[in-house]
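Enquirer: Here is the input, now give the coordinates:
(one chain, ligands or ions: 1)
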Amino acid sequence: MVMQPLKVQLKDVCVRRRGKTILGPVSVDLGAAGMTMVIGPNGAGKTTLLKVLHGVERVSGGQVIWSQNDTDVRQAQAFIFQSPIMLRRSVRQNLAYPLQLLKRPRRQIDEEVVEWSKRIDLFEALDQPAPRLSGGERQKLALGRALIRNPKVLFLDEPCANLDGGSTREIEGLLRQAAAAGTRIIMTTHNMGQAQRLADDVVFMVNGSIEEHRPAAAFFKGSVSPTATAFLKGEIIE
Ligand SMILES: Nc1ncnc2c1ncn2[C@@H]1O[C@H](COP(=O)(O)OP(=O)(O)OP(=O)(O)O)[C@@H](O)[C@H]1O
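Expert: Numbering: from 1, shown residues only. Next up is the predicted model:
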């Protein structure tokens, strides 16, 4: 397990697909702690930025520079996609799987699975098939399955899309606990209330570019570009 916090920097990163630039060039320096909210209109490049950071989107130019070597960085990251992919098995098996991959001893796996099922409030559902869970429960399971291996960095793409207030509150609580325990969180959200509740810093994107990267307090105070100000007011940005 990596002991040092992971920092990442993008230098002039571009992603081009089918002759079109969908991201960049972007340059940004993301610190080693806290929660970063990536916000902006549909198609701004938020998911692409997260995938580039996670190393699953091929870049057409520029550099992604992590503060540690590649193998450590890959082991230390988790990504939760908008529709998380579950094993078509029980909640227990879904939670155990990442620890089995890490070849943890059986007894330790059993203990951690029980502990995490309680943290995500799915202890009673441990032996239920994951596909039968509700949307909110599935998202909590996805989060538990990512956090059970104590990642240094967690990427989430709209983790609360389509969830009601109660489920959103639970997910936000789990994210806060993870951040307090030292996991660096970088996520997209369309929910400005959520961004205000959680963000330490905000990356605002439009048309494949990063237009603002500021501490959350400054961003939400409105000391930002006219486009970001309009976005915060709920105006349509094109
Ligand atoms: N593999 C691809 N090939 C071609 N175009 C792509 C590809 N992936 C994404 N795009 C385009 O790149 C742009 C940015 O997409 P991205 O999913 O990163 O935006 P987003 O900000 O996450 O949007 P949303 O808020 O709707 O999820 C979009 O116009 C999308 O259609």
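Enquirer: What strand or helix carries L163?
Expert: L163 is part of no helix or strand when elements are defined by DSSP states H and E.
Enquirer: buried residues in stretch 80-87?
Expert: I80, F81, P84, M86 (16 or more other Cβ atoms under 10 Å). Where C-beta positions appear, they are placed from N, C-alpha and C, glycine not excepted.
Enquirer: mean confidence for that stretch?
Expert: Average pLDDT, stretch 80-87: 80.
Enquirer: Could you tell me which of the buried residues of stretch 80-87 belong to strands?
Expert: Mapping the buried residues of stretch 80-87 onto strands (DSSP state E) picks out I80.
Enquirer: which residues touch the helix or strand where T227 lies?
Expert: Using DSSP H and E, the element containing T227 is helix 226-232. Contacts with helix 226-232, where a contact means Cβ atoms under 8 Å, 6 or more residues apart in numbering, come from 39-41, 192, 204, 206, 211-212, 219-220, 222, 224, 237.
Enquirer: What subset of these is buried?
Expert: I39, G40, P41, F204, V206, E211, E212, F219, F220, V224.
Enquirer: Pull up the gap between the second one and G62, please.
Expert: It refers to G40. 19 Å (Cβ to Cβ, to the nearest Å).
Enquirer: before we move on, what about the fifth one?
Expert: Taking Cβ to Cβ as the measure, V206 and G62 are separated by 19 Å.
Enquirer: What of the first one?
Expert: I39 is 22 Å from G62, where distance means Cβ to Cβ.
Enquirer: May I have the secondary structure class of the closest residue to E57 other than its chain neighbours?
Expert: Counting by Cβ to Cβ, 6 or more residues apart in numbering, the nearest residue to E57 once its immediate chain neighbours are dropped is K51, at 3.6 Å. Following DSSP: H, G, I helix; E, B strand; the rest coil, K51 is assigned to helix.
Enquirer: Next, count neighbours for K51.
Expert: Residues near K51, counting by other Cβ atoms under 10 Å, number 19.
Enquirer: wait, isn't it in contact with R58?
Expert: No. At 9.4 Å, K51 and R58 do not qualify as touching, with contact defined as Cβ atoms under 8 Å.
Enquirer: Quick check: residues of the protein near the ligand?
Expert: R17, R18, I22, G40, N42, G43, A44, G45, K46, T47, T48 (Cβ under 6 Å from any ligand atom).
Enquirer: Export only the CA atoms of the helix or strand bottoming out on mean pLDDT in the chain, formatted as PDB.
Expert: Ranked by mean pLDDT, DSSP states H and E, the weakest helix or strand in the chain is helix 70-75, scoring a mean of 71. Extracted in PDB, the C-alpha atoms of helix 70-75 (Å, rounded to 0.1, in the frame of the first residue of the first chain):
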ATOM      1  CA  ASP A  70       2.900   3.900 -12.300                       C
ATOM      2  CA  THR A  71       2.400   0.600 -10.500                       C
ATOM      3  CA  ASP A  72       1.800   2.300  -7.200                       C
ATOM      4  CA  VAL A  73      -0.500   4.800  -8.800                       C
ATOM      5  CA  ARG A  74      -2.700   2.100 -10.400                       C
ATOM      6  CA  GLN A  75      -3.000   0.100  -7.200                       C
END
